[in-house]
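Participant: this one's sequence-less:
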């Protein structure tokens, strides 16, 4: 939402200032310049990126216009879910988790947390880790190293479309100059004609430079930065899951493992100790309440 507001502010302020100086809007309407710059920029992206990066870039751009998935409420739900999972493992043994981790989309435990189940990478991250813990034979230190490598690979993959979009943004001023040079070439061919015609062609050439710089610093560049922040948010979320699981597998009680995970949540969305404790207490009391109701 804020991305849309920011774009409106950027373009609105530029147009407002231009109109305050009594600039004619018609001069800025240069579709040929926009086709040269936009088409060439798109071509550079197609040249330098495989198809899967292109798909990630489109998905990332769509996500940049939405709100963050990793709110304080999302973290409370996640920590509550991890508490339920780890508490079940503590009471019934790790083997009892097999039915949940083998089919999380039909698990009575996981299906209570729709956002987590829909986040396929995060659910696979938890389920694959707990599956290795159930299988045994892997030291906790080695498992932690594996999770670190897994997160690094995912973070690198998530940043590929960000780097590609940033490279595209860097190319836009140069492509704007290309459009301007072509405009100058056309203008030189019109020398000797009416001054008004020459003035229009020079204006069109200058608009090419203007569009290239504006699209770079006012649109594409900021969107690349926003996509990078989304990637960092995903990385931080996986870190919370990793720290919580590793703490439990080292022998820490579920409630303390959840607290360790809470301490790794980014500060601006970190839930309070009380909020997490109350959520976990509710998860702990729910089975007893259900049993009493059934009795």
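Facilitator: On my side now, so go ahead. None of these values were measured; they are calculated from a predicted model.

Participant: Can you tell me how far the residue positioned nearest the centre of the chain is from residue 60?
Facilitator: Nearest to the mean C-alpha position of the chain, by C-alpha atoms, centre = their mean, lies residue 230 at 2.8 Å. Noted for residue 230: a distance of 7 Å to residue 60, by C-beta to C-beta, to the nearest Å. From N, CA and C alone the C-beta is placed, and that goes for glycine too.

Participant: same thing with residue 114?
Facilitator: According to C-beta to C-beta, residue 114 and residue 60 sit 22 Å apart.

Participant: Same drill for those two, tell me which one is more crowded.
Facilitator: Shown here are residue 114 and residue 60; by other C-beta atoms under 10 Å, residue 60 has more neighbours (22 against 10).

Participant: ok, now which ones touch that one?
Facilitator: Residues in contact with residue 60 (C-beta atoms under 8 Å, 6 or more residues apart in numbering) are 161-162, 165, 227, 230.

Participant: State the pair within those residues that is farthest apart.
Facilitator: Largest separation among the contacts of residue 60 by C-beta to C-beta: 165 and 230, giving 12.0 Å.

Participant: picking up where we left off before, just checking, the residue nearest to the centre of the chain touches residue 63?
Facilitator: Yes: Residue 230 is in contact with residue 63 according to C-beta atoms under 8 Å; the separation is 5.9 Å.

Participant: Can you list the low-confidence ranges for the chain?
Facilitator: 1, 283-295 (pLDDT under 70).

Participant: tell me the strands in it, going along the chain?
Facilitator: Ranges of strands in the chain, per DSSP state E: none exist.

Participant: which strands and helices sit next to the helix ranked longest in the chain?
Facilitator: Identified as the longest helix of the chain according to DSSP state H is helix 140-189. Where contact means 3 or more C-beta pairs under 8 Å, 6 or more residues apart in numbering; DSSP states H and E, helix 140-189 is packed against helix 31-48, helix 51-64, helix 120-135, helix 195-215, helix 221-249.

Participant: so that helix versus helix 31-48, what angle?
Facilitator: 140 degrees (axes from the mean of the first three to the mean of the last three C-alpha atoms, to 10 degrees).

Participant: What angle do helix 221-249 and helix 140-189 make with each other?
Facilitator: Here the directions of helix 140-189 and helix 221-249 differ by 180 degrees (the same axes, to 10 degrees).
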